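Make a model of this:
(one chain, ligands or ions: 2)
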Amino acid sequence: MSRIVGIDLGTTNSLVAIVDSGIPYVIADPEGQRLTPSVVHVPGPGAATIVGHPANRVRILKPAETVYSVKRFMGRRGSDIAREEMLVTYPVAGSGSGPVTLQLHGRAWTPEEISAEILRKLKADAEASLGEPVTRAVITVPAYFNDAQRNATIRAGELAGLTVERIVNEPTAAALAYGLDKLKDKARIAVYDLGGGTFDLSVLELNQGVFQVLSTHGDTRLGGDDLDKRVVAHLCQEIRSAGGPDLSPATNTPDLLPLLSRVREAAERAKIRLSSETETEVSLPFLTPDFNFTCRLSRARLEELTRDIVERTRAHCLRSLSDAKLEASALDQVILVGGQTRMPLVRKLVSEWFGCVEFGEVRGDLRLGDEYHKAKGPELNTGVNPDEAVALGAAIQGEILAGGFRNLLLLDVTPLSLGIETFGGLMNVIIPRNTTIPVKAGELFTTAVDNQRSMLIHVLQGERERAMDNWSLGRFELEFEAAPKGVPRVGVQFEIDANGVLHVLARDVKTGHQKVVQMKSAVDVDDADVQKMVEESVANAFDDLRARQWIEAKIRAGETLIATRKTMAEYDAELDPDYRTQLHQALDEVESVLSLENPKTKTGDPARLKAATAALDEVTKPLAEYAMDKVMEAMLRKKGVL
Ligand code: ADP
Ligand code: MG
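Ligands and ions are numbered 1, 2, ... in the order given. Down below sits the predicted model:
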């Protein structure tokens with residue numbers, strides 16, 4: 001299945017984002033730009049369209065052939081175009097309940113067709129960056145969009161060759177980008193979105209991971225552009241008083257348009273710089289052949305020029321809260337979305353209006369965390385780039401729909417333990433159940449038999465003590481040089497990547513020879529099966545424990561038997577007959593307990609076997625000491641000491 005991109009098809013700017021290995025990011029175009037102005041220029045009859053930054057640059061020079069803010073026309077009817085918010089510089093036609101069309105070089109374009117041009121560019125950028133075809137997308141729309149507007153957005157996607165897998169509300173996408181779906185069960189979030197030409201405040205309620213829009217209120221003709229206009233007006237005045245051309249609207253003639261276009265660009269750039277600097281220089285060299293313009297603009301002056309515009313958003317916030325029947329203090333968080341919210345004044349005012357506290361803020365001698373913080377008001381969360389949050393959230397939604405992220409979101413832990421089979425058929429856990437992924441863990445193993453030339457790595461998943469009761473994920477062999485048992489060292493490492501895929505590495509420590517094998521997904525298992533496995537492990541906990549103890553006791557008994565018999569055979573002639581009988585009795589007891597193993601359950605009495613083995617150990621002590629003395633003696637003789 002192909003991946004699903006997330007697209008923020010904005011009034012002013014559009015973005016495309018993707019989730020890669022669990023991390024969402026905005027895809028840049030070949031020039032490295034992450035924001036594409038939602039502007040489409042049609043240069044001539046039948047000519048190919050120009051989209052994005054280059055179109056934005058000619059917008060003021062070719063106002064009648066350059067479409068901006070097309071989002072305002074999506075799903076609207078002819079009768080709507082008389083509305084003030086629909087006034088634009090390019091010709092728009094339509095009447096009654098008929099469709100709206102945009103007249104460009106003799107061709108009637110639908111708003112969907114223009115939007116499709118923007119989507120096509122984003123699709124191409126994503127394909128160039130990902131190196132694979134992109135055919136599926138999640139596209140966001142304002143929460144207040146009606147059915148017709150949503151359907152028009154889906155049609156635009158289809159025209160661009162995209163299957164629109166889901167339409168998501170912009171505030172919901174933003175909340176997803178902030179990871180707010182993981183907040184406590186019931187949380188309320190206000191999303192303050194101030195973009196280029198629109199403003200809205202939405203109140204969301206999160207209920208067990210699902211967002212519901214409680215209310216949304218705003219102004220579709222209020223945004224960053226309005227601030228730009230104030231700065232433009234201010235600059236035009238300054239230009240005039242510095243002896244430059246008169247650029248006021250009254251004297252606007254076509255030959256002044258290129259100048260106005262430069263002033264407009266400079267104004268927006270200065271506004272943006274003043275979000276991070278307190279003063280900036282506006283410089284327009286050769287505004288006319290004999291006039292260079294420069295002036296300084298301070299953040300304080302910008303705030304003076306535009307404060308009333310920002311303040312106009314307040315009434316909508318209050319209205320939205322009252323529609324949701326909430327007081328600001330009942331909110332858990334306020335998040336800021338839209339490029340214009342980068343302006344410090346916006347942050348300051350919003351924070352004041354909502355009575356926000358910065359998380360971790362110190363008031364008096366109390367640190368505002370948890371309870372106290374909650375009692376005081378919502379937290380102003382500004383952790384995600386405000387102009388990217390919506391696209392990132394759309395990408396996250398896309399990844400959830402594609403199935404890749406569901407596991408990570410809902411099962412971001414290993415559902416069952418993972419390990420390998422060890423000697424005697426036991427499960428040796430390497431990554432315990434409920435470990436957060438991605439994760440890497442390993443252990444060193446050795447051989448149980450002399451001259452073993454390879455080790456079987458049998459990868460298991462499950463909660464049972466014995467290998468045979470767990471699920472087998474796969475097996476492979478690692479070869480190494482023959483050596484006495486216990487000498488070879490094989491490191492086994494398990495790594496579960498963000499997609500839940502398990503990679504098993506086995507390495508012979510001595511030579512560095514290694515193998516890496518990818519197992520089927522360790523995370524993607526059926527919930528019912530996991531439940532069954534866990535239940536069985538609980539139901540069989542007692543038997544399983546006994547089985548493990550039995551196997552461990554059996555391995556220990558086996559080793560003791562072999563060692564005792566070997567030593568006895570070596571020193572048989574020198575043994576005292578009574579002592580020999582004692583030894584045989586102890587050996588027989590161990591053998592007989594072993595023979596009592598139930599052939600069906602493959603278990604016996606581990607306590608009795610341990611006791612018998614311990615008794616045998618005790619009895620063999622004098623023999624072991626005697627053998628040790630003999631060995632020492634032989635060694636010293638060889639060296640000529642004795
Ligand atoms: P939309 O959602 O309408 O497509 P965006 O969220 O991209 O719009 O916001 C675009 C607006 O944000 C423009 O008016 C732009 O000037 C403004 N903007 C972008 N960055 C900044 C900044 N750093 N400071 C102030 N305003 C900014
Ligand atoms: Mg937006």
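
Which residues of this protein lie near ligand 1?
Proximity of the chain to ligand 1 (Cβ under 6 Å from any ligand atom) is limited to residues 10-13, 195-198, 223-225, 268, 271-272, 275, 338-340, 342-343, 387. C-beta: built from backbone N, CA, C; applies to glycine.

rerun at 8 Å
8, 10-14, 35, 38, 71, 170, 193-198, 223-225, 227-228, 268, 271-276, 337-343, 386-387, 390 (Cβ under 8 Å from any ligand atom).

by contact count, what packs against the longest helix anywhere in the chain?
Counting residues, the longest helix found in the chain (DSSP state H) is helix 606-638. Contacts defined by 3 or more Cβ pairs under 8 Å, 6 or more residues apart in numbering; DSSP states H and E place helix 606-638 against helix 541-571, helix 577-595.

average pLDDT for it?
In this model, helix 606-638 has a mean pLDDT of 88.

And for stretch 273-291?
Mean predicted lDDT for stretch 273-291 stands at 95.

Residue 446 is in contact with residue 423, correct?
No: applying Cβ atoms under 8 Å as the test, residue 423 and residue 446 come out as separate, 9.5 Å apart.

all strands of the stretch 351-500 of the chain, in order?
362-363, 366-367, 379-381, 418-422, 426-431, 439-445, 454-461, 471-479, 490-496 (DSSP state E, counting those that start in this stretch).

Can you tell me the strand partners of the last one and which way each runs?
This means strand 490-496. Using DSSP bridges, the strands paired with strand 490-496 are strand 439-445 (antiparallel), strand 502-508 (antiparallel).

ok so, going back, out of the helices and strands packed on helix 606-638, which is the most enclosed?
Comparing the helices and strands packed on helix 606-638 by mean neighbour count (mean count of other Cβ atoms under 10 Å), helix 541-571 comes out on top with a mean of 16.

I figured residue 454 hits residue 479, correct?
Yes: if you go by Cβ under 8 Å, residue 454 and residue 479 touch, sitting 4.5 Å apart.

show me where pLDDT drops low in the stretch 101-250 of the chain?
Along the stretch 101-250 of the chain, the model assigns pLDDT under 70 to residues 181-185, 208-209, 250.

all helices of it, in order?
111-130, 147-159, 170-177, 224-241 (DSSP state H, counting those that start in this stretch).

on contacts alone, who are the packing partners of the longest one?
Contact analysis of helix 111-130 by 3+ Cβ pairs under 8 Å, 6+ apart lists strand 4-9, strand 13-20, strand 36-37, strand 40-41, strand 50-51, strand 136-141, helix 147-159 as its packing neighbours.

what does the protein have sitting close to ligand 2?
10, 195 (Cβ under 5 Å from the ion).

Got the domain ranges for the chain?
4-178, 224-303, 406-539, 542-638 (automatic domain parsing).

Out of these, flag the one nearest residue 312.
Proximity to residue 312 (Cβ to Cβ) singles out domain 224-303 among the domains of the chain, at 8.8 Å.

Provide the backbone phi and psi angles at residue 597.
Main-chain dihedrals, residue 597, degrees, to the nearest 10: phi -60, psi 130.

what's the distance between stretch 497-509 and the middle of its chain?
Put simply, stretch 497-509 sits 21 Å off its chain's centre (Cα atoms, centre = their mean, to the nearest Å).

Surely residue 545 and residue 464 touch.
No: assessed by Cβ under 8 Å, residue 545 is found out of contact with residue 464, at 10.6 Å.

Please work out how many residues are found near residue 464.
When counting by other Cβ atoms under 10 Å, one arrives at 22 neighbours for residue 464.

go on, residue 479?
Residue 479 has 11 nearby residues by other Cβ under 10 Å.

any idea how far it is from residue 488?
Distance check for residue 479 against residue 488: by Cβ to Cβ, to the nearest Å, it reads 10 Å.

joint contacts of the two?
When contacts are counted by Cβ atoms under 8 Å, 6 or more residues apart in numbering, residue 479 and residue 488 have residue 508 as shared neighbours.

And the residue of the stretch 401-550 of the chain found nearest ligand 1, what's its pLDDT?
Of all residues in the stretch 401-550 of the chain, residue 401 sits closest to ligand 1, at 22.9 Å by Cβ to the nearest ligand atom. On the pLDDT scale, residue 401 is placed at 83.

Of all the residues in the stretch 1-150 of the chain, which one is nearest ligand 1?
residue 10 (2.4 Å).

And that residue, how close does it get to residue 125?
15 Å.

Then residue 28?
7 Å.

neighbour-wise, which of the two wins?
More neighbours surround residue 125 than the other of residue 28 and residue 125, with 23 against 16 (other Cβ under 10 Å).

Quickly find the element holding the nearest residue to the more buried one once chain neighbours are set aside.
Setting aside the residues directly before and after it, residue 125 is nearest to residue 29 in space (Cβ to Cβ, 6 or more residues apart in numbering), at 4.4 Å. Assigning secondary structure by DSSP states H and E places residue 29 outside every helix and strand.

per-residue pLDDT, residue 29?
Reported pLDDT for residue 29: 94.

Pop out the phi and psi values for the closest residue to residue 303 other than its chain neighbours.
In space, residue 303 comes closest to residue 345 once its chain neighbours are excluded; the distance is 4.9 Å by Cβ to Cβ, 6+ apart. The phi and psi values for residue 345, taken as degrees, to the nearest 10, are phi -60, psi -40.

Quick check: residue 345 vs residue 102, distance?
35 Å.

contacting residues around the closest residue to ligand 1 within the stretch 101-250 of the chain?
Sorted by distance to ligand 1 under Cβ to the nearest ligand atom, the residues of the stretch 101-250 of the chain start with residue 224, at 2.0 Å. By Cβ under 8 Å, 6+ apart, residue 224 lies in contact with 12, 194-197, 268, 271, 338-340.

Show the average pLDDT along stretch 420-428.
89.

sorry, back to before: not counting residues beside it along the chain, what's closest to the residue of the stretch 1-150 of the chain closest to ligand 1?
residue 38 (5.7 Å).

for residue 234, same thing?
residue 305 (5.7 Å).

residue contacts, residue 554?
So residue 554 contacts 424, 594, 597, 604, 609 (Cβ under 8 Å, 6+ apart).

ok, now how distant is it from residue 616?
In terms of Cβ to Cβ, residue 554 sits 14 Å off from residue 616.
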